[in-house]
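Asker: this is the structure alone, sequence omitted:
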């Protein structure tokens with residue numbers, strides 16, 4: 001080797017020595033992971049559980065989210081000798097889970113997702129190469145071997161969800177030669193330990209612009225709770241309080257309903273409305289101030305939308321012009337009756353909570369502009385749905401993508417970490433470390449419960465059919481839309 005090449009090789013080695021590579025402690029095997037203070041305290045507890053025959057998953061999550069108080073609780077609830085013996089009769093696996101926002105380094109695909117839980121046994125001597133199992137599998141577990149049979153070696157077995165949730169390959173086989181069996185019986189029953197997420201330890205901070213820090217107006221019908229006095233001389237400040245309490249007055253300007261609490265210049269809007277209605281602007285402002293001033297003292301006022309137009313007209317004509325002073329209960333009841341008559345008896349389903357410029361799924365812009373059709377989705381076979389493991393119907397919906405005011409929303413009845421086990425028919429036991437469970441016998445048995453439900457908003461749905469087309473398990477069927485016919489057409 002020449003001297004020049006030796007020098008270049010030596011310099012390269014020197015540069016390599018100077019390179020400092022920082023390994024992510026949560027991207028390394030458990031036995032090589034550096035131990036934090038919490039990990040050192042948790043490790044003997046985990047080893048004790050494993051010595052009793054348990055498999056323990058989600059340890060890195062517990063290391064990050066557990067506090068000293070919660071560690072003392074789970075030592076009693078789960079890792080005590082009596083508790084381990086108690087739960088060993090019910091399950092053979094323990095998993096730590098958390099709902100809510102997590103640290104960025106924990107937002108990775110879990111290694112559990114790559115484990116094979118179910119095995120497909122096929123009698124190839126009887127298989128007729130019909131390819132039905134290959135075509136029907138929604139998770140694309142099978143691969144064609146070139147002769148119409150499922151390949152014996154090339155198979156995505158880790159994607160199989162078993163007979164309880166799917167089993168379509170076994171059902172469709174005309175020769176009945178496919179059996180789906182559990183490879184890991186250890187997943188048949190699990191004790192889930194629900195940890196408080198990082199966001200629960202401190203108040204969430206909103207970075208939204210001030211104009212969009214709005215409460216959801218979907219909370220309607222409940223009793224309106226307001227302070228006895230509002231600063232009616234500062235309408236914008238007053239409107240922040242009203243909006244937070246879910247009181248939404250509507251004011252029609254230039255032929256369009258405006259949400260008056262969102263007005264940048266409420267006094268100017270009232271002046272414009274007064275000109276359109278041939279009313280005295282000072283009387284209009286006085287009527288609004290009178291209403292707001294008495295709002296906290298009125299009885300039986302509900303959350304929701306109100307026709308402020310109608311209320312202003314009646315307050316001017318029936319109270320201000322009549323010279324009635326709102327000092328008695330009878331006079332206030334008169335104002336309350338005016339407000340009740342102005343109540344809009346249907347929930348507000350507009351886009352107040354939608355972010356301006358919010359992202360929509362690619363390839364759905366045409367569907368987003370589609371006029372209303374007659375058929376909307378109905379989740380008739382929810383027992384076959386994977387929920388958050390799939391979620392194609394929610395994420396591909398051009399109307400909102402799963403937000404508060406979306407056409408399709410997925411609502412969870414249980415902690416999300418337990419959903420994969422529930423949809424596969426496994427037994428699920430839940431322990432909470434927030435103090436609500438004081439002993440191991442107070443665990444929650446979630447087995448057999450419906451993990452989630454879908455809420456379809458017919459007023460948003462455009463009947464584009466994307467959700468029905470993309471569902472791999474044929475969960476959704478079209479149903480004729482039922483419009484709200486209570487609204488009169490004049």
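Answerer: Cool, got the structure. These numbers were taken from a predicted model, which means no experiment stands behind them.
Asker: what sits against residue 139?
Answerer: When contacts are counted by C-beta atoms under 8 Å, 6 or more residues apart in numbering, residue 139 is found next to 156, 159-161, 166, 472. C-beta: built from backbone N, CA, C; applies to glycine.
Asker: tell me the secondary structure for it?
Answerer: Per DSSP: H, G, I helix; E, B strand; the rest coil, the local secondary structure of residue 139 is coil.
Asker: hang on, residue 374 packs against residue 461?
Answerer: No: taking C-beta atoms under 8 Å as the definition, residue 374 is not a contact partner of residue 461, at 10.8 Å.
Asker: those two - which one has more neighbours?
Answerer: residue 461 (20 against 10; other C-beta atoms under 10 Å).
Asker: please, which helix or strand holds that one?
Answerer: Of the helices and strands defined by DSSP states H and E, none includes residue 461.
Asker: quick one: it from residue 406, how far?
Answerer: Applying C-beta to C-beta, to the nearest Å, the value for residue 461 to residue 406 is 10 Å.
Asker: spell out which residues are contacts of both of the two.
Answerer: residue 399.
Asker: now list whatever residues contact both of residue 374 and residue 461.
Answerer: Residues touching both residue 374 and residue 461 by C-beta under 8 Å, 6+ apart: residue 481.
Asker: where along the stretch 201-350 of the chain do the strands fall?
Answerer: Listed in chain order, the strands of the stretch 201-350 of the chain (DSSP state E, counting those that start in this stretch) span 247-253, 256-259, 304-307.
Asker: which of those strands comes out lowest on mean pLDDT?
Answerer: Mean pLDDT per stretch puts strand 256-259 lowest among the strands of the stretch 201-350 of the chain, at a mean of 77.
Asker: can you tell me the strand partners of it and which way each runs?
Answerer: strand 247-253 (antiparallel) (DSSP bridges).
Asker: now do the strand it pairs with: everything it contacts.
Answerer: Contacts of strand 247-253 (C-beta under 8 Å, 6+ apart): 217, 224, 226, 242, 257-261, 263, 269-270, 272-273, 276, 295, 301, 303-309, 311, 344, 348.
Asker: weed out the non-buried ones from these.
Answerer: 217, 224, 226, 242, 258-261, 263, 269-270, 273, 295, 301, 303-309, 311, 348 (16 or more other C-beta atoms under 10 Å).
Asker: among the residues you listed, which are in helices?
Answerer: 242, 269-270, 273, 295, 308-309, 311 (DSSP state H).
Asker: what about the helices in the stretch 151-300 of the chain?
Answerer: Shown for the stretch 151-300 of the chain, the helices assigned by DSSP state H, counting those that start in this stretch span residues 162-165, 168-172, 235-244, 266-277, 281-295.
Asker: with the stretch 1-150 of the chain instead?
Answerer: Using DSSP H, counting those that start in this stretch, helices in the stretch 1-150 of the chain cover 3-18, 37-51, 59-65, 68-77, 81-88, 132-136.
Asker: need the least confident one among the ones you listed, by mean pLDDT.
Answerer: Taking the mean pLDDT of the helices of the stretch 1-150 of the chain, helix 3-18 comes last: a mean of 45.
Asker: touching, residue 336 and residue 300? I think so.
Answerer: Yes: between residue 336 and residue 300 there is a contact under C-beta under 8 Å: 6.7 Å.
Asker: these two: who's more crowded?
Answerer: Legend: neighbour count by other C-beta under 10 Å for residue 336 and residue 300, higher for residue 336 (18 against 11).
Asker: how near is that one to residue 438?
Answerer: Distance, residue 336 to residue 438, using C-beta to C-beta: 47 Å.
Asker: ditto for residue 99
Answerer: 21 Å.
Asker: the two: who's more crowded?
Answerer: Using other C-beta under 10 Å, the more surrounded residue of residue 99 and residue 438 is residue 99, with 17 against 10.
Asker: tell me the contacts of the more buried one?
Answerer: Contacts for residue 99 (C-beta under 8 Å, 6+ apart) come out as 194, 197, 415-417.
Asker: quick one: mean pLDDT over stretch 453-466.
Answerer: 84.
Asker: for that stretch, how far is the first residue from the last?
Answerer: End-to-end span of stretch 453-466 (C-alpha to C-alpha, to the nearest Å): 19 Å.
Asker: buried residues in it?
Answerer: 454, 456-458, 460-466.
Asker: hang on, the earlier thing: of the contacts of residue 99 - the most surrounded one?
Answerer: In those, the most neighbours by other C-beta under 10 Å go to residue 417, 23 neighbours.
Asker: in terms of contact, does it touch residue 192 like I think?
Answerer: Yes: using C-beta under 8 Å, residue 417 makes contact with residue 192 at a distance of 6.2 Å.
Asker: what is in contact with these two at once?
Answerer: Joint contacts of residue 417 and residue 192 (C-beta under 8 Å, 6+ apart) are 95, 97.
Asker: so which of the contacts of residue 99 sits lowest on pLDDT?
Answerer: In terms of pLDDT, residue 197 ranks lowest among the contacts of residue 99, with 69.
Asker: and the contacts of stretch 50-59?
Answerer: By C-beta under 8 Å, 6+ apart, the residues outside stretch 50-59 that reach it are 30, 42, 46, 49, 84-85, 87-88, 91-97, 112, 186, 193.
Asker: buried set for it?
Answerer: By neighbour count with 16+ other C-beta under 10 Å, stretch 50-59 contains the buried residues 54, 56-59.
Asker: and which of those residues is nearest residue 140?
Answerer: Nearest to residue 140 among the buried residues of stretch 50-59 is residue 57, at 25.8 Å by C-beta to C-beta.
Asker: I'd like the distance between that closest one and residue 314.
Answerer: Taking C-beta to C-beta, one finds residue 57 at 64 Å from residue 314.
Asker: one more: residue 335?
Answerer: Applying C-beta to C-beta to residue 335 and residue 314 gives a distance of 9 Å.
Asker: can you pull the pLDDT of the closest residue to residue 222 other than its chain neighbours?
Answerer: Excluding its sequence neighbours, the residue lying closest to residue 222 (C-beta to C-beta, 6 or more residues apart in numbering) is residue 303, at 4.8 Å. pLDDT for residue 303: 85.
Asker: equivalent analysis for the one 10 residues further on, please.
Answerer: The predicted structure scores residue 313 at 93 on the pLDDT scale.
Asker: what count of nearby residues applies to it?
Answerer: 17.
Asker: who are the contact partners of the spatially closest residue to residue 338 that is not a sequence neighbour?
Answerer: Spatially, and ignoring its direct neighbours in sequence, residue 338 is nearest to residue 314 (4.8 Å; C-beta to C-beta, 6+ apart). Applying C-beta under 8 Å, 6+ apart to residue 314 gives the contacts 338, 341-342.
Asker: quick check: the residue nearest to residue 470 when sequence neighbours are not counted vs residue 416, distance?
Answerer: Of all residues not flanking residue 470 in the chain, residue 392 sits nearest, at 4.5 Å (C-beta to C-beta, 6+ apart). For residue 392, the distance to residue 416 equals 17 Å [C-beta to C-beta].
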